[in-house]
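**Student:** Got a predicted model here, sequence first, then my questions.
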Amino acid sequence: ATAQADHLHLTVTDSGTWKVPQPTPTPYRGRGLVLMRALMHEVTVHSGSTGTTVHMHARIA
């Protein structure tokens, strides 16, 4: 994570496999991306054979 006076950038990386979202919501999973997109100005997800990396960026007023 890096924080400056006017923005915040977070990167989260893991070695797990990406799970395709369920067609119908479940009460126990599937809220992570919704929360990240609601709280951040930009969210990108890159998944591959070695894991997943999520980049998040928010502007600070």
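**Tutor:** In hand now; what should we look at?
**Student:** I'd guessed Val43 sits against Arg37; true?
**Tutor:** Yes - taking contacts as C-beta atoms under 8 Å, Val43 lies within contact range of Arg37: 5.2 Å. Glycine gets a C-beta too; all of them are placed from N, C-alpha and C.
**Student:** of the two, who's got more company?
**Tutor:** When Val43 is set against Arg37 and neighbours are counted by other C-beta atoms under 10 Å, the residue ahead is Val43, at 17 against 12.
**Student:** Report pLDDT for the more buried one.
**Tutor:** The confidence metric pLDDT takes the value 97 at Val43.
**Student:** give me the beta-bridge partners of it?
**Tutor:** Listed by DSSP bridges, the beta-bridge partners for Val43 are Met56.
**Student:** Following the chain past the strand or helix carrying Leu10, name the next helix or strand.
**Tutor:** Here Leu10, judged by DSSP states H and E, is contained in strand 7-14. On the C-terminal side of strand 7-14, the nearest following helix or strand under DSSP H and E is helix 32-39.
**Student:** any idea how far that next one is from the chain center?
**Tutor:** 7 Å (C-alpha atoms, centre = their mean, to the nearest Å).
**Student:** Spatially central residue in the chain, please.
**Tutor:** With the centre of the chain defined as its mean C-alpha position, the nearest residue by C-alpha atoms, centre = their mean is Val54, 4.6 Å away.
**Student:** Assumed that one was part of a strand.
**Tutor:** Yes - the assignment for Val54 by DSSP: H, G, I helix; E, B strand; the rest coil puts it in a strand.
**Student:** how many other residues sit next to Met36?
**Tutor:** Using other C-beta under 10 Å: Met36 sits among 16 other residues.
**Student:** Isn't Thr53 up against Thr11?
**Tutor:** Yes - contact between Thr53 and Thr11 holds when scored by C-beta under 8 Å: they sit 6.6 Å apart.
**Student:** Where does pLDDT dip in the protein?
**Tutor:** Scanning the chain with the threshold set as pLDDT under 70 gives no residue ranges.
**Student:** run the last query once more with 80
**Tutor:** Using pLDDT under 80 as the threshold, the predicted model of the chain has low-confidence ranges 17-26, 28-30.
**Student:** With adjacent residues omitted, what lies nearest to Thr50?
**Tutor:** If you skip the residues right next to it in sequence, Thr50 has Ser15 as its closest partner in space, 6.5 Å away by C-beta to C-beta, 6 or more residues apart in numbering.
**Student:** Please consider this matter closed, and thank you.
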